[in-house]
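> I'd like to go over a predicted model; first the sequence, then the structure.
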Amino acid sequence: MKTKVLTIFLALVSGFLLISFSDPYTIKRISDANFRYEFYTTDKKIKTKSNKIYYWFKGGLIHNSQSGMTGELLQDKFIKMYHSNQLAEQGTFKKGLKIGLWKTWFTNGMLETTQKWSNGLESGKFFRYNESGLLIEKGSFKSGRKHGLWIDYIKKDTVIYKRGIVFVKKVKPSKAEKTKIKEEKQKIKSVKKEDRIKKSASKKLETTSETKPEKEGFFKRLFSKKQTKEKTNG
(Lines give C-alpha, C1' and ligand atoms only; values in the text may rest on other atoms or scores of the structure.)
Protein backbone atom coordinates (compact mmCIF):
# COMPACT_ATOMS: atom_id res chain seq x y z
CA MET A 1 0.00 0.00 0.00
CA LYS A 2 2.79 2.38 0.96
CA THR A 3 4.63 1.53 -2.26
CA LYS A 4 1.48 2.30 -4.28
CA VAL A 5 1.00 5.70 -2.60
CA LEU A 6 4.68 6.55 -3.11
CA THR A 7 4.43 5.61 -6.79
CA ILE A 8 1.38 7.85 -7.26
CA PHE A 9 3.10 10.71 -5.42
CA LEU A 10 6.24 10.44 -7.57
CA ALA A 11 4.12 10.29 -10.71
CA LEU A 12 2.30 13.48 -9.69
CA VAL A 13 5.56 15.29 -8.88
CA SER A 14 7.13 14.16 -12.15
CA GLY A 15 4.07 15.27 -14.06
CA PHE A 16 4.10 18.67 -12.34
CA LEU A 17 7.80 19.20 -13.09
CA LEU A 18 7.31 18.07 -16.68
CA ILE A 19 4.46 20.53 -17.15
CA SER A 20 6.46 23.34 -15.47
CA PHE A 21 9.38 22.98 -17.84
CA SER A 22 7.52 22.13 -21.03
CA ASP A 23 4.40 24.29 -20.91
CA PRO A 24 5.18 27.66 -22.55
CA TYR A 25 2.33 29.32 -20.63
CA THR A 26 3.84 28.50 -17.23
CA ILE A 27 5.44 31.55 -15.62
CA LYS A 28 9.20 31.77 -16.04
CA ARG A 29 11.58 33.36 -13.56
CA ILE A 30 15.15 34.37 -14.34
CA SER A 31 17.65 36.89 -12.97
CA ASP A 32 20.87 38.71 -13.87
CA ALA A 33 23.30 41.00 -12.04
CA ASN A 34 20.79 43.87 -11.81
CA PHE A 35 17.25 42.53 -12.16
CA ARG A 36 14.83 39.65 -11.69
CA TYR A 37 12.24 38.83 -14.34
CA GLU A 38 8.86 37.12 -14.34
CA PHE A 39 7.13 36.46 -17.67
CA TYR A 40 5.26 34.04 -19.91
CA THR A 41 6.07 32.79 -23.39
CA THR A 42 4.34 31.24 -26.38
CA ASP A 43 5.71 28.80 -28.92
CA LYS A 44 3.35 30.02 -31.66
CA LYS A 45 5.07 30.78 -34.96
CA ILE A 46 4.48 34.17 -36.52
CA LYS A 47 5.53 36.15 -39.56
CA THR A 48 7.70 39.02 -38.30
CA LYS A 49 7.58 42.58 -39.63
CA SER A 50 10.69 44.63 -40.41
CA ASN A 51 9.71 47.80 -38.52
CA LYS A 52 9.01 46.15 -35.15
CA ILE A 53 11.15 44.91 -32.25
CA TYR A 54 10.35 41.41 -31.01
CA TYR A 55 11.17 40.07 -27.53
CA TRP A 56 11.88 36.35 -27.10
CA PHE A 57 13.33 33.86 -24.63
CA LYS A 58 16.10 31.38 -25.32
CA GLY A 59 18.98 29.83 -23.39
CA GLY A 60 17.85 31.28 -20.09
CA LEU A 61 17.95 34.87 -21.40
CA ILE A 62 15.52 37.44 -22.82
CA HIS A 63 16.54 38.68 -26.25
CA ASN A 64 15.15 41.36 -28.55
CA SER A 65 15.74 42.05 -32.20
CA GLN A 66 14.14 43.85 -35.10
CA SER A 67 12.21 41.77 -37.60
CA GLY A 68 13.44 38.41 -36.28
CA MET A 69 13.45 35.82 -33.47
CA THR A 70 14.79 32.33 -32.78
CA GLY A 71 13.12 31.37 -29.49
CA GLU A 72 9.85 31.50 -27.58
CA LEU A 73 8.05 34.83 -27.93
CA LEU A 74 7.16 36.72 -24.74
CA GLN A 75 3.43 36.64 -24.09
CA ASP A 76 1.05 38.25 -21.57
CA LYS A 77 2.23 39.93 -18.33
CA PHE A 78 5.87 40.94 -17.88
CA ILE A 79 7.55 42.11 -14.66
CA LYS A 80 11.13 43.29 -14.11
CA MET A 81 12.27 43.95 -10.54
CA TYR A 82 15.35 45.22 -8.78
CA HIS A 83 16.92 42.72 -6.37
CA SER A 84 15.40 44.82 -3.58
CA ASN A 85 11.97 43.58 -4.84
CA GLN A 86 11.16 47.10 -6.07
CA LEU A 87 9.43 47.15 -9.47
CA ALA A 88 11.64 48.35 -12.33
CA GLU A 89 9.37 47.76 -15.35
CA GLN A 90 5.91 46.36 -16.00
CA GLY A 91 3.84 45.77 -19.10
CA THR A 92 2.21 43.28 -21.45
CA PHE A 93 3.38 41.38 -24.51
CA LYS A 94 1.41 39.85 -27.35
CA LYS A 95 3.35 37.45 -29.55
CA GLY A 96 6.63 39.16 -28.66
CA LEU A 97 5.39 42.72 -29.16
CA LYS A 98 4.70 45.33 -26.48
CA ILE A 99 1.05 46.33 -26.11
CA GLY A 100 -0.96 48.48 -23.70
CA LEU A 101 0.46 50.63 -20.91
CA TRP A 102 4.11 50.20 -19.91
CA LYS A 103 5.74 51.78 -16.85
CA THR A 104 9.27 52.04 -15.45
CA TRP A 105 10.42 52.96 -11.93
CA PHE A 106 13.55 54.26 -10.23
CA THR A 107 15.24 52.22 -7.46
CA ASN A 108 13.60 54.52 -4.88
CA GLY A 109 10.14 53.48 -6.08
CA MET A 110 9.33 56.74 -7.91
CA LEU A 111 7.72 56.44 -11.34
CA GLU A 112 10.16 57.16 -14.19
CA THR A 113 8.18 56.78 -17.44
CA THR A 114 4.74 55.85 -18.74
CA GLN A 115 4.11 54.91 -22.36
CA LYS A 116 1.32 53.24 -24.31
CA TRP A 117 2.14 50.69 -27.00
CA SER A 118 0.05 49.35 -29.87
CA ASN A 119 1.16 46.19 -31.67
CA GLY A 120 4.85 46.81 -30.92
CA LEU A 121 4.90 50.55 -31.65
CA GLU A 122 4.80 53.52 -29.27
CA SER A 123 1.38 55.12 -29.40
CA GLY A 124 -0.22 58.00 -27.52
CA LYS A 125 1.03 60.07 -24.59
CA PHE A 126 4.53 59.72 -23.11
CA PHE A 127 5.62 61.08 -19.71
CA ARG A 128 9.04 61.14 -18.04
CA TYR A 129 9.69 62.09 -14.39
CA ASN A 130 12.77 62.65 -12.27
CA GLU A 131 13.59 60.73 -9.06
CA SER A 132 11.66 63.32 -7.05
CA GLY A 133 8.49 62.73 -9.05
CA LEU A 134 8.55 65.98 -11.05
CA LEU A 135 7.53 65.86 -14.71
CA ILE A 136 10.57 66.61 -16.90
CA GLU A 137 9.37 65.61 -20.38
CA LYS A 138 6.11 64.92 -22.17
CA GLY A 139 4.92 64.32 -25.69
CA SER A 140 3.05 61.95 -27.99
CA PHE A 141 3.85 59.11 -30.36
CA LYS A 142 2.01 58.05 -33.50
CA SER A 143 2.85 54.69 -35.08
CA GLY A 144 6.20 54.59 -33.28
CA ARG A 145 7.24 58.14 -34.18
CA LYS A 146 7.19 61.39 -32.25
CA HIS A 147 4.20 63.43 -33.33
CA GLY A 148 2.83 66.74 -32.13
CA LEU A 149 4.09 68.95 -29.31
CA TRP A 150 7.04 67.77 -27.16
CA ILE A 151 8.15 69.71 -24.08
CA ASP A 152 11.49 69.26 -22.30
CA TYR A 153 11.22 71.02 -18.92
CA ILE A 154 14.93 70.57 -18.13
CA LYS A 155 16.21 72.14 -21.36
CA LYS A 156 13.21 74.50 -21.42
CA ASP A 157 12.71 73.49 -25.01
CA THR A 158 9.55 72.96 -27.08
CA VAL A 159 9.59 71.07 -30.37
CA ILE A 160 6.78 70.19 -32.78
CA TYR A 161 7.12 66.88 -34.63
CA LYS A 162 5.29 65.58 -37.65
CA ARG A 163 5.65 61.80 -38.04
CA GLY A 164 9.07 61.83 -36.38
CA ILE A 165 10.43 64.87 -38.23
CA VAL A 166 10.86 68.28 -36.62
CA PHE A 167 8.10 70.46 -38.02
CA VAL A 168 8.89 74.19 -38.29
CA LYS A 169 5.66 76.13 -38.24
CA LYS A 170 5.45 79.30 -40.32
CA VAL A 171 5.24 82.32 -38.04
CA LYS A 172 3.12 85.27 -39.20
CA PRO A 173 5.00 88.60 -39.08
CA SER A 174 3.90 91.23 -36.55
CA LYS A 175 2.41 94.61 -37.51
CA ALA A 176 5.79 96.34 -37.06
CA GLU A 177 7.51 93.65 -39.16
CA LYS A 178 4.87 94.02 -41.89
CA THR A 179 5.46 97.83 -41.97
CA LYS A 180 9.23 97.28 -42.17
CA ILE A 181 8.82 94.80 -45.02
CA LYS A 182 6.57 97.28 -46.85
CA GLU A 183 9.13 100.09 -46.41
CA GLU A 184 11.93 97.85 -47.70
CA LYS A 185 9.84 96.95 -50.75
CA GLN A 186 9.15 100.66 -51.43
CA LYS A 187 12.88 101.44 -51.14
CA ILE A 188 13.71 98.68 -53.63
CA LYS A 189 10.97 99.95 -55.95
CA SER A 190 12.29 103.53 -55.67
CA VAL A 191 15.87 102.46 -56.40
CA LYS A 192 14.72 100.50 -59.45
CA LYS A 193 12.79 103.54 -60.70
CA GLU A 194 15.86 105.78 -60.29
CA ASP A 195 17.94 103.26 -62.20
CA ARG A 196 15.43 103.25 -65.06
CA ILE A 197 15.43 107.09 -65.19
CA LYS A 198 19.25 107.19 -65.21
CA LYS A 199 19.42 104.59 -67.96
CA SER A 200 16.84 106.47 -70.01
CA ALA A 201 18.73 109.78 -69.60
CA SER A 202 22.00 108.07 -70.49
CA LYS A 203 20.51 106.67 -73.69
CA LYS A 204 19.17 110.12 -74.72
CA LEU A 205 22.60 111.64 -74.10
CA GLU A 206 24.25 108.99 -76.24
CA THR A 207 21.74 109.59 -79.04
CA THR A 208 22.30 113.38 -78.92
CA SER A 209 26.08 113.01 -78.98
CA GLU A 210 25.83 110.69 -81.98
CA THR A 211 23.56 113.02 -84.08
CA LYS A 212 25.47 116.29 -83.39
CA PRO A 213 28.53 115.43 -85.48
CA GLU A 214 26.26 114.59 -88.41
CA LYS A 215 24.55 118.00 -88.23
CA GLU A 216 27.88 119.77 -87.89
CA GLY A 217 29.20 117.86 -90.85
CA PHE A 218 26.22 118.84 -92.94
CA PHE A 219 26.59 122.59 -92.19
CA LYS A 220 30.32 122.34 -92.65
CA ARG A 221 29.88 120.78 -96.08
CA LEU A 222 27.27 123.37 -96.99
CA PHE A 223 29.56 126.21 -95.90
CA SER A 224 32.45 124.62 -97.74
CA LYS A 225 30.42 124.42 -100.96
CA LYS A 226 29.41 128.09 -100.59
CA GLN A 227 33.02 129.11 -100.19
CA THR A 228 34.02 127.09 -103.23
CA LYS A 229 31.25 128.68 -105.29
CA GLU A 230 32.27 132.18 -104.23
CA LYS A 231 35.87 131.50 -105.20
CA THR A 232 34.78 130.20 -108.57
CA ASN A 233 32.64 133.26 -109.26
CA GLY A 234 35.39 135.53 -108.06
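That came through fine. No experiment lies behind these values; they were computed from the predicted model shown. Residues are numbered from 1 along each chain as shown.
> who's in contact with the nearest residue to Lys58 once chain neighbours are set aside?
Nearest residue to Lys58 in three dimensions, chain neighbours excluded: Gly71, at 3.0 Å (C-beta to C-beta, 6 or more residues apart in numbering). Backbone N, C-alpha and C define where each C-beta goes, glycine included. Contacts of Gly71 were listed using C-beta atoms under 8 Å, 6 or more residues apart in numbering, and they are 56-59, 63.
> between those residues, which is closest to Lys94?
The nearest member of those to Lys94, counting by C-beta to C-beta, is Trp56 at 13.0 Å.
> so where does that closest one fall, helix or strand?
Here Trp56 sits within strand 53-58, counting by DSSP states H and E.
> quick one: strands adjacent to the helix or strand that comes right after that strand?
Sequence order places strand 61-66 as the next helix or strand after strand 53-58, per DSSP H and E. Partner strands for strand 61-66, per DSSP bridges, with pairing direction: strand 53-58 (antiparallel).
> from Asp43, how far off is the residue nearest to Lys58?
9 Å (C-beta to C-beta, to the nearest Å).
> for Lys178, see how far away Gln186 is.
13 Å.
> whoops, I mixed them up, Ile160
24 Å.
> just want to know which of these two has more residues nearby.
Taking neighbours as other C-beta atoms under 10 Å, Ile160 and Lys178 compare with Ile160 leading, 15 against 11.
> my guess is the more buried one contacts Lys146, does it?
No - here Ile160 does not reach Lys146: they are 9.5 Å apart, not a contact under C-beta atoms under 8 Å.
> what is the burial count for Thr104?
17.
> name the helix or strand for it, please.
Going by DSSP H and E, Thr104 is in strand 97-105.
> three-state assignment of Glu194?
Following DSSP: H, G, I helix; E, B strand; the rest coil, Glu194 is assigned to helix.
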